[in-house]
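S.K.: Here you go, sequence then predicted model.
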Amino acid sequence: MVEEYLLGDLAWPEVEKVIQDEKVVLLPLGSLEQHGPHLPIDIDTVAAYEVCKRIAKKIPDIAVTMPPIYYTHAEISMGFPGTIDIQPTHFIDYLYDVCESLVKHGFKRIVMVSGHGINPPFMQIVSMMITSRYPAICSGAAYFDFAKPEVRKIVEHGAHAGEFETSMLLALKPENVDMSKAVRDWNIYMGLKSSKYAYRNFIDRSPIFFIDHLSRFSATGIIGDPTKATKEKGQKLIKVIVDDMVEYVKEFRTRPIAKPLKRRTTLK
Ligand SMILES: [Zn+2]
């Protein structure tokens with residue numbers, strides 16, 4: 001059955017209707033990156049896409065989701081087999097081309113949604129470029145940056161392949177999680193015993209962004225404690241995050257795309 005909120009399922013005349021309806025296009029971005037011995041390498045992509053599908057299904061009059069982008073920048077995990085790394089400059093160009101194709105067809109509002117912690121700076125660059133050059137607006141965020149107050153009540157910590165992400169996949173695709181291989185690898189300070197400046201936790205971010213090459217400080221590829229993950233936690237996370245993101249997408253749909261106030265502009 002063709003689902004109207006999945007853009008990849010549609011034929012071009014149906015896509016044209018979506019454009020005329022000025023729906024917000026969700027663009028899920030993941031990775032193909034090692035996530036410890038207990039999680040599949042596609043978890044970031046699966047999580048981002050499933051979140052986007054749930055958002056679009058809830059508000060099909062307002063949003064559609066694109067198929068996900070699997071291949072992104074993940075050099076920090078290249079010490080582990082299966083990781084695919086796209087160089088930063090290539091990735092910016094590639095992501096820009098995807099978004100530019102959408103706006104060339106007449107889409108006016110794009111929301112990139114990441115399941116991979118390294119994507120946000122690239123999404124910020126591309127969203128600024130698109131918004132500044134076209135009569136369109138584009139934004140991007142990681143799904144795990146939504147509903148923070150509620151998320152903090154559900155899980156204690158969120159980092160690579162830890163309690164948060166493992167709970168997500170236990171709720172989304174439990175058959176792909178092997179909890180017998182999940183181990184606590186509490187190396188959130190990346191080689192230091194402690195730091196108030198730089199540590200890995202996307203629920204309460206450190207003031208400084210720093211991520212070391214994972215194979216320098218982690219033998220497992222895990223940052224955190226996946227043994228605390230449960231399916232119930234994952235189900236709760238998905239609910240509060242999707243609810244919050246639906247509100248964001250609704251607001252983004254109402255954001256005006258005004259004509260430039262000054263005569264001189266780089267807008268096309
Ligand atoms: Zn991840």
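M.R.: Sure, I can see it.

S.K.: Tell me how many other residues crowd residue 208.
M.R.: 10 (other C-beta atoms under 10 Å). Every C-beta, even on glycine, is put in place using the N, C-alpha and C of the backbone.

S.K.: That one is in contact with residue 200, isn't it?
M.R.: No - in this structure residue 208 lies outside contact range of residue 200 using C-beta atoms under 8 Å: 11.4 Å.

S.K.: Need the per-residue pLDDT for residue 268.
M.R.: At residue 268, the pLDDT value in this model is 68.

S.K.: cool, residue 77 as well?
M.R.: pLDDT, read off for residue 77, is 97.

S.K.: Please report the distance of it from residue 92.
M.R.: Applying C-beta to C-beta, to the nearest Å, the value for residue 77 to residue 92 is 19 Å.

S.K.: Let me know the secondary structure of residue 240.
M.R.: Taking DSSP: H, G, I helix; E, B strand; the rest coil as the rule, one finds residue 240 in the helix state.

S.K.: Would you enumerate the residues in contact with it?
M.R.: Listed by C-beta atoms under 8 Å, 6 or more residues apart in numbering, the contact set of residue 240 reads 146-147, 150-151, 154.

S.K.: please redo it, this time with the cut-off set to 7 Å
M.R.: Residues near residue 240 by C-beta atoms under 7 Å, 6 or more residues apart in numbering: 147, 150-151.

S.K.: cool, and residue 69?
M.R.: The neighbourhood of residue 69, defined by C-beta under 7 Å, 6+ apart, consists of 29-30.

S.K.: go on, residue 90?
M.R.: Not one residue lies near residue 90 by C-beta under 7 Å, 6+ apart.
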